[in-house]
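J.: Return a 3D structure for these sequence lines:
(2 chains)
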There are 2 protein chains.
Amino acid sequence: MSRAGAQTFVYDRPPVIAAHASLAGPKEGEGPLAAWFDELLEDDLLGQKSWELAEMEMVRRCVQRALDGAELAAEDVHALLGGDLNNQIIATSFAARSLGIPFLGLYGACATFVEALVLASALISAGDLGNAVCSASSHFCTAERQFRFPLELGTQRPPQASWTATACGSAVLLPHGAPGRLRVAAGTVGRVVDLNITDTNHMGAAMAPAVFDCIAAHLADLRRTAEDYDLIATGDLGWIGRNLLLALADRAGVGLPPEKLVDCGASLYSQEQDPHAGGSGCGCVASVSCGWLMKRLERGEFRRLLLVGSGAMLSPTSSQQGQSVPGIAYAACIEGGND
Amino acid sequence: MSRAGAQTFVYDRPPVIAAHASLAGPKEGEGPLAAWFDELLEDDLLGQKSWELAEMEMVRRCVQRALDGAELAAEDVHALLGGDLNNQIIATSFAARSLGIPFLGLYGACATFVEALVLASALISAGDLGNAVCSASSHFCTAERQFRFPLELGTQRPPQASWTATACGSAVLLPHGAPGRLRVAAGTVGRVVDLNITDTNHMGAAMAPAVFDCIAAHLADLRRTAEDYDLIATGDLGWIGRNLLLALADRAGVGLPPEKLVDCGASLYSQEQDPHAGGSGCGCVASVSCGWLMKRLERGEFRRLLLVGSGAMLSPTSSQQGQSVPGIAYAACIEGGND
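T.: A predicted model of the protein is given here:
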């Protein structure tokens, strides 16, 4: 496998996305992408006693659906790569416990799903893994009470705040040559970038510089421009963060045509649903890419997608101690159609 | 790169551990391994305003020392892989921010360092990364107040509790053929195993089944026995957990000679220091392997080490909601001497 540049892996034998599954909550089910999800939850508790137990069940169910799509039994899966926003990534690790799959726990904040795609693709392309399932989830209620306030307080949210998606996305990767219309051609590992944003509600602003840095590295490593992609989809910058990304690209003289740039968080809800800055959470880019984007790629609506997960690497403790909010991003080049 | 079995990667071009660094706190500096650490902290605050800021500085300093040992500038490093016990792995991600290195955030609880070794070795062996630095840390004071009680309470700890090490270990990996006397020959990805231990203080009991499962998978995948290793070092089972591991192996008929089995957590402190069950935390296996074990391997005291990181995938939330404590383990086969 050849390295194209300092931060980008080019997979000699691009793995196939053999199946994918997406699941979303009630609010997401009222949004513009509702029809693209494989399962919509009517109740975000899923009959469980807590939101955390519900999120574990979401992950288990979504991974299982992806495995079913690939006709793969859990005991035949070589690794589950993924994580979530819960402290110590309990939603994903407890799902891995239920499923009995070897587990590589990751934490890249809301970029975790793309981090998993980048790593799993490398391991499969090299022959280390014969298959893998990537997954990431978030739940509005588990995140809100962990990162912000008890929901019962009904605390008002500022306009720049994003809405953590109740959602999960899972994708099964198989070696090059396996049946499937999507493949992961390249992956870029981003740097932690921090432009000293201290407003923990303003995650779009905190993440946009890392997303720009990652996209610029990806294009430079591969000697490409945005013109080489039909679509560039960012994770959860939201409406404000998307504009900041465009401004950063403009200032740096990196061409990033607005018509090619969609943001999963800005697409998941309509502004009438009042999500403020847009959707966020690990489950946002995971569910939107496993639902909307991959299905459109499979239909041939476009051919080459740059999927850029964006994460804010803060914790309540770091913020309470006056630290700014570092951003991170990972990018995966996903191609449809035949070789 | 060939896959030896379902859970084990055999690296065709085994990466070299070109340099390693270890750093430990005041209590660890009074223990039996004190002389093996590269730096001993006199003050576990490192002049910072909080323990969390101190842990970030520990990671930054330890990674920098490892890079210095490999004569590698931070800007030439292709990836930092690692994590810590802090919520949202802030110690490692903020160190990655300071160092400006592309970052792959991992969470494998106290097994994170070995998870990083297994992944980085795969990426380097395949040529995806030209180099990498693996790191993991823990700090008694950040962990204690996050997972248990405010330190100011002086809460009495039960005898089966372990003592979270204030420590960090970092290792620089370079491609096969680079100068260096140690190489990572194989790595095993463990499953999440849970035998329904609900005592969150009894981490040795919670982790021993996952460690046994991982060692058994490693040996089966490579068609080896414990006799093929000079030393098997577990992460932080402690004295009680080590005995449980021996009992599990005995019951399953898997030969695990007690004289070959050391536990980093049971070696880091003397019983006179009253750490109860032994040391734990991500920094335990990281610092003890980067200090004591790798230095002895380099001296030729033994030739083939199986390093088995062990993690308890609980969070305070999962425990408070009545969940048991799942365990995870990763194993790396590290060889010394010439090819």
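J.: okay, CA-based contacts and neighbour counts for the rest of this
T.: Will do.
J.: mind listing what the spatially most central residue of chain A touches?
T.: Closest residue to the average C-alpha location of chain A: A:V285 at 3.3 Å, with Cα atoms, centre = their mean. If you count contacts by Cα atoms under 8 Å, 6 or more residues apart in numbering or on different chains, A:V285 has them with A:110-111, A:113, A:169, A:234-236, A:264-265, A:309.
J.: any idea which of those residues is closest to B:N201?
T.: A:C110 (30.8 Å; Cα to Cα).
J.: neighbours around the closest residue to the closest one other than its chain neighbours, how many?
T.: Nearest residue to A:C110, sequence neighbours excluded (Cα to Cα, 6 or more residues apart in numbering or on different chains): A:C282, at 3.9 Å. As a burial measure, A:C282 scores 35 neighbours (other Cα atoms under 10 Å in any protein chain shown).
J.: Go ahead and confirm A:C282 touches A:V114.
T.: No - applying Cα atoms under 8 Å as the test, A:C282 and A:V114 come out as separate, 9.5 Å apart.
J.: returning to what we had before: the contacts of A:V285 in strands, which ones?
T.: A:169, A:234, A:309 (DSSP state E).
J.: Now do the residue lying farthest from the centre of chain A against A:E144, distance only.
T.: Relative to the centre of chain A, the most outlying C-alpha is that of A:L153, 29.2 Å out, by Cα atoms, centre = their mean. Counting by Cα to Cα, to the nearest Å, the gap from A:L153 to A:E144 is 11 Å.
J.: what does the stretch 151-300 of chain A have sitting close to chain B?
T.: Contact residues (Cα under 8 Å from any Cα of the partner chain) of the stretch 151-300 of chain A with chain B: A:189-194.
J.: that older thread, read off the pLDDT value for the residue farthest from the centre of chain A.
T.: pLDDT, A:L153: 93.
J.: for the one 5 residues further on, same thing?
T.: What the model reports for A:P158 is a pLDDT of 93.
J.: cool, and the one 3 residues further on?
T.: The model reports A:A161 with a pLDDT of 94.
J.: Would you mind listing what in the stretch 1-150 of chain A touches chain B?
T.: So the stretch 1-150 of chain A meets chain B at A:1-3, A:6-10, A:52, A:78-79, A:85, A:87-90, A:93-94, A:96-97, A:100-109, A:115, A:122-123, A:126-129 (Cα under 8 Å from any Cα).
J.: would you say A:G83 is within a strand?
T.: Yes - the assignment for A:G83 (DSSP: H, G, I helix; E, B strand; the rest coil) places it in a strand.
J.: what pairs with it across the strands?
T.: Note on A:G83: beta-bridge partners A:A136, judged by DSSP bridges.
J.: who touches it in this structure?
T.: Here A:G83 is in contact with A:89, A:91-93, A:105-107, A:112-113, A:135-137 (criterion: Cα under 8 Å, 6+ apart).
J.: So the residue nearest to the centre of chain A lies in a helix, does it not?
T.: Yes - under three-state DSSP, A:V285 falls within a helix.
J.: For it, give me the pLDDT.
T.: Reading off the model, A:V285 has pLDDT 98.
J.: now A:E28
T.: 98.
J.: ok, it touching A:G265?
T.: No - between A:E28 and A:G265 there is no contact under Cα under 8 Å: 10.8 Å.
J.: ok so, going back, where does the residue nearest to A:C110 land on pLDDT?
T.: 98.
J.: which residues of chain A fall in helices?
T.: Assignment of helices within chain A using DSSP state H yields the ranges A:51-69, A:90-99, A:112-125, A:140-147, A:203-222, A:238-252, A:264-268, A:282-288, A:294-299, A:316-320.
J.: and the longest one with helix A:238-252, angle?
T.: With axes from the mean of the first three to the mean of the last three Cα atoms, to 10 degrees applied, the angle from helix A:203-222 to helix A:238-252 works out at 40 degrees.
J.: go on, the third one?
T.: What separates the directions of helix A:112-125 and helix A:238-252 is an angle of 70 degrees, with the same axes, to 10 degrees.
J.: what is the rounded mean pLDDT of helix A:112-125?
T.: 98.
J.: ok, and the closest non-adjacent residue to A:A70?
T.: Using Cα to Cα, 6+ apart, the closest residue to A:A70 is A:A19 (5.2 Å).
J.: That should have said A:K295, apologies.
T.: A:K295 sits nearest to A:W36 (Cα to Cα, 6+ apart), 7.9 Å away.
J.: which residues touch that neighbour?
T.: Contacts of A:W36 by Cα under 8 Å, 6+ apart are A:291-292, A:295.
J.: Return the member of those nearest to B:V59.
T.: Nearest to B:V59 among those, counting by Cα to Cα, is A:G291 at 38.5 Å.
J.: so who does that closest one touch?
T.: A:G291 neighbours (Cα under 8 Å, 6+ apart): A:20-22, A:36-38, A:169.
J.: From A:P175, how far off is it?
T.: For A:G291, the distance to A:P175 - Cα to Cα - is 22 Å.
J.: what about the closest residue in space to A:A208 that isn't next to it in sequence, how many neighbours?
T.: Leaving aside its sequence neighbours, A:A208 sits nearest to A:L245 (Cα to Cα, 6+ apart; 5.2 Å). If you count neighbours by other Cα under 10 Å, A:L245 ends up with 25.
J.: Buried residues, stretch A:218-234. List them.
T.: Counting neighbours by 16 or more other Cα atoms under 10 Å in any protein chain shown, one finds that the buried residues in stretch A:218-234 are A:218-222, A:226, A:229-234.
J.: before we move on, what about stretch A:191-206?
T.: A:191-194, A:197-198, A:200-206.
J.: contacting residues around it?
T.: Against stretch A:191-206 from outside (Cα under 8 Å, 6+ apart): A:158, A:160-162, A:209-210, A:213-214, A:236-238, A:240-242, A:244, A:277, A:312, A:319, A:322-329, B:93-94, B:96-97, B:100-103.
J.: isn't A:T166 right up against A:E28?
T.: Yes - look at A:T166 against A:E28 with Cα under 8 Å: they come within range, at 7.3 Å.
J.: So between those two, which is more surrounded?
T.: Looking at A:T166 and A:E28 with other Cα under 10 Å, you find the greater number of neighbours at A:T166, namely 30 against 23.
J.: ok, that one - contacts?
T.: Contacts of A:T166 by Cα under 8 Å, 6+ apart are A:24-25, A:28, A:44, A:137-140, A:283-284.
J.: do A:S315 as well
T.: A:147, B:87-88, B:90.
J.: Please produce a markdown table containing the residues you listed, extended by distance to B:E259, neighbour count and pLDDT.
T.: Listed next are the contacts of A:S315 as a markdown table, based on distance: Cα to Cα, whole Å; neighbours: other Cα atoms under 10 Å in any protein chain shown; pLDDT from 0 to 100:
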| residue | distance to B:E259 | neighbour count | pLDDT |
| --- | --- | --- | --- |
| A:F147 | 47 | 16 | 94 |
| B:N87 | 37 | 23 | 97 |
| B:Q88 | 38 | 29 | 97 |
| B:I90 | 38 | 24 | 97 |
